[in-house]
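Chemist: Just to be clear, the model below is a prediction. Sequence and coordinates:
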Amino acid sequence: MISQKTLFLNLLAQTTQAPLLLEIESANGVYLYNNNGKKYLDLISGISVSSLGHGNIKVIKAIEEQSKKYLHLMVYGELVQTPQVKLAEKLSAYLPFKENSSIYYTNSGSEAIEGAMKLAKRATGRSEMIALNHAYHGSTHGPISLSAESYYTDFYRPLLPQIKRINQNNLEDLQTITTKTAAIFVETIMGEAGYTPPETAWLQALRKKCDETGTLLVLDEVQCGMGRSGRLFAFEHYDIKPDILILAKAFGAGMPLGAFISDKKTMSVLSQNPILGHITTFGGHPVSCAAALAGLEEIIQKKLWENALTIEALFKRRLTHPALSTINGKGAMLAIELPNQEKCLEFVQTCIESGVLIDWFLYAPHKVRLSPPLIINEEEISMACKIMNQVADKILTE
Ligand code: PMP
C-alpha cells in the first residue's frame, strides 16, 4: 500500500523542499496526535488560528447544527443568512464603529486585504498606498504588492504600482503619507517580521497623520486580533482606532473566514456606481459564521485576552535557559531571539522531535515563534518550557 506520506508528496502541491510531514490523526485541546499515537503540544495554533484549542465543543456543535440547516445558498450579500447577521450583531458591539459598523465577510485574510485595497481606492478616489517594510498581508497579488520582501515577490512582477513603504516606529517616515495616499496598511503588531509591537507614540502619530491627510488607516489584525495580543483587538493597547479593520485566522474559530470592516459610509461605495464593488461566492459561509459566533462567544465569556497576558508572563518566567532569555512580542505572540537562522531551524526541529510544536517566521530568520492556543494552562506551559529548556541545553550551549 502506498503510504499517506508518499501520496501527499506526489499529489499535493509542495511549497517547500522540506515539509514537516507529521501525519496528524486527531487533535484535542492543546495536543495534536500522530498516526502512531505520539502527541505534540501545539504552541503554534496552526499559525495563530486555533486560539480555542482543538475540538472546542461549542464550536463543533454550532458547525453541526448549521450544517443541518443549510450550507451554501448564494453569493455574498444577496440573501439574509442568519449566521452572518448574528455574528455581525455580536461582533459589532466590540468594534470601534459599533452599530455604525459595516462588515464584509471573506474566505481568508488575503481576500480581506484585497477587498480593503479596492475599498480604499473607491472611498478616497486616490490610488497610492503605503505599507510597512517587512509587512506580511497575504499571498495573492494585492497583498504581495504591499510587501517589500523582494526574495518572495520579484518573480511575480509586475505588481501593483504606486505602493510606497515606510518603517515601523520611524516618525520621520510618516511624511510619506500625503493627500495623495488612499490608505496605509499596518499590522497592529507585526507578524512575520517577528512579533514586533509598535511604539505607542508612533502609532498615535500615524493616526494623526492619516486624519490630517484624509488617508485611511487599515489595521491588519489577522494574526494579532481576537484576543491574542492581550486585548480583544490589538489596537486597544494604543488608544487609537482604524478606519478599516481586517480579521481572519482565529476569527473563524477553525473554519475559513475573514472580514474587512469599516463604518457604513465608507463601505457604501461598494454598492453603487458600479454595483457589486466586491464579489465572493463563499465569503461568509454560513457554517464558518456559525462557528465564528460560537468562537467569539467563548473568547468573550472566558475573557481569553486575559489568558494571553498570563501566557506571556508564564513563558517569560519559565523559559529559564540563558539562551532563551531574549523574548519579544506581546500576549500570546512571543518571539524568542536566537543567534542565527541555523540555530533557529535546529531548535524548532529538535523541539518538534521532543513533542513541542513551534515554528519560525518568514521575515525574521533569527527568531522562533510561539503562538499557543489561548486555553493553554500553567501545567502545559511548564511542560513545554521544560522541554524547550532541555533542547536549549542540548543545542544552544557552546
Ligand atoms: N495578514 C496577516 C498579518 C497574516 O499573518 C496573514 C496570514 N499569515 C494574512 C494577512 C493572510 O491571511 P490568509 O493566509 O488567510 O490569506
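Modeler: All right, it came through fine.
Chemist: how close does residue 133 sit to residue 294?
Modeler: Between residue 133 and residue 294 the distance is 38 Å, computed by C-beta to C-beta, to the nearest Å. Heads up, the C-betas are built off the backbone N, CA and C, glycines and all.
Chemist: Where do the domain boundaries of the protein fall?
Modeler: By the assignment in automatic domain parsing, the chain contains the domains 4-55+304-395, 57-302.
Chemist: looking at those domains, which is buried most?
Modeler: Among the domains of the chain, domain 57-302 has the highest mean neighbour count (mean count of other C-beta atoms under 10 Å), at a mean of 20.
Chemist: end to end, how far does it reach?
Modeler: Terminal residues of domain 57-302 lie 14 Å apart, using C-alpha to C-alpha, to the nearest Å.
Chemist: ditto for stretch 44-52
Modeler: End to end - C-alpha to C-alpha - stretch 44-52 spans 12 Å.
Chemist: now stretch 31-38
Modeler: Stretch 31-38: ends 10 Å apart by C-alpha to C-alpha.
Chemist: same thing with stretch 370-383?
Modeler: Per C-alpha to C-alpha, stretch 370-383 runs 14 Å from first to last residue.
Chemist: The ligand contacts on this structure?
Modeler: Contact residues, the chain versus the ligand (C-beta under 6 Å from any ligand atom): 47, 108-110, 113, 136-138, 187, 191, 220, 222-223, 248.
Chemist: Identify the residue nearest the closest residue to the ligand within the stretch 1-150 of the chain in space, chain neighbours excluded?
Modeler: Residue nearest to the ligand within the stretch 1-150 of the chain: residue 109 (2.3 Å; C-beta to the nearest ligand atom). Leaving aside its chain neighbours, residue 109 sits nearest to residue 248 (3.4 Å; criterion: C-beta to C-beta, 6 or more residues apart in numbering).
Chemist: just to revisit the earlier point, from the residues of the chain next to the ligand, which land in helices?
Modeler: Judged by DSSP state H, the residues of the chain next to the ligand include 47, 109-110, 113 as members of helices.
Chemist: Go through these and name the one nearest residue 372.
Modeler: residue 47 (11.7 Å; C-beta to C-beta).
Chemist: Check what pLDDT whichever residue of the stretch 201-350 of the chain sits closest to the ligand gets.
Modeler: At 3.6 Å from the ligand, residue 222 is the closest residue in the stretch 201-350 of the chain, using C-beta to the nearest ligand atom. For residue 222, the pLDDT comes out at 98.
Chemist: Distance of it relative to residue 131?
Modeler: According to C-beta to C-beta, residue 222 stands 14 Å off from residue 131.
Chemist: list residues touching both of these two?
Modeler: By C-beta atoms under 8 Å, 6 or more residues apart in numbering, residue 222 and residue 131 have these common neighbours: residue 137.
Chemist: Double-check that residue 208 belongs to a strand.
Modeler: No. If the criterion is DSSP: H, G, I helix; E, B strand; the rest coil, then residue 208 is helix and not within a strand.
Chemist: How are the helices of the stretch 1-150 of the chain distributed by residue range?
Modeler: Residue ranges of the helices in the stretch 1-150 of the chain, as given by DSSP state H, counting those that start in this stretch, are 4-11, 45-48, 57-69, 82-92, 109-124, 141-146, 150-153.
Chemist: before we move on, the earlier item: for the nearest residue to the residue of the stretch 201-350 of the chain closest to the ligand once chain neighbours are set aside, list the residues it contacts.
Modeler: Excluding its sequence neighbours, the residue lying closest to residue 222 (C-beta to C-beta, 6+ apart) is residue 109, at 4.0 Å. Contacts for residue 109 (C-beta under 8 Å, 6+ apart) come out as 137-138, 220, 222, 246, 248-249, 258.
Chemist: Can you name the residues in contact with stretch 133-141?
Modeler: The contact list for stretch 133-141 (C-beta under 8 Å, 6+ apart) reads 108-111, 113-114, 131, 143-144, 146-149, 156, 159-160, 165-168, 185-187, 190-193, 220, 222, 362-364.
Chemist: What's the end-to-end length of that stretch?
Modeler: In stretch 133-141, first residue to last residue: 17 Å (C-alpha to C-alpha).
Chemist: how close does the residue of the stretch 201-350 of the chain closest to the ligand get to residue 22?
Modeler: Distance, residue 222 to residue 22, using C-beta to C-beta: 24 Å.
Chemist: next one: residue 32
Modeler: Separation of residue 32 from residue 22 (C-beta to C-beta): 7 Å.
Chemist: Need the residues touching each of the two.
Modeler: Contact criterion C-beta under 8 Å, 6+ apart; residues shared by residue 32 and residue 22: residue 40.
Chemist: Can you name the element that comes right after the lowest-mean-pLDDT helix or strand in the chain?
Modeler: Least confident helix or strand of the chain, by mean pLDDT, DSSP states H and E, is helix 150-153 with a mean of 93. Counting by DSSP states H and E, the next helix or strand C-terminal to helix 150-153 is strand 163-166.
Chemist: same for that next one, what does it pack against?
Modeler: On a contact count with 3 or more C-beta pairs under 8 Å, 6 or more residues apart in numbering; DSSP states H and E, strand 163-166 meets strand 128-132.
Chemist: Mind checking the pLDDT average for the strand it packs on?
Modeler: In this model, strand 128-132 carries a mean pLDDT of 98.
Chemist: how far off helix 109-124 does that strand point, in degrees?
Modeler: Interaxial angle of strand 128-132 relative to helix 109-124 (axes from the mean of the first three to the mean of the last three C-alpha atoms, to 10 degrees): 140 degrees.
Chemist: quick one: strands adjacent to strand 128-132?
Modeler: Partner strands for strand 128-132, per DSSP bridges, with pairing direction: strand 163-166 (parallel), strand 181-187 (parallel).
Chemist: which stretches of the chain have low pLDDT?
Modeler: Applying pLDDT under 70 to the chain picks out residues 398.
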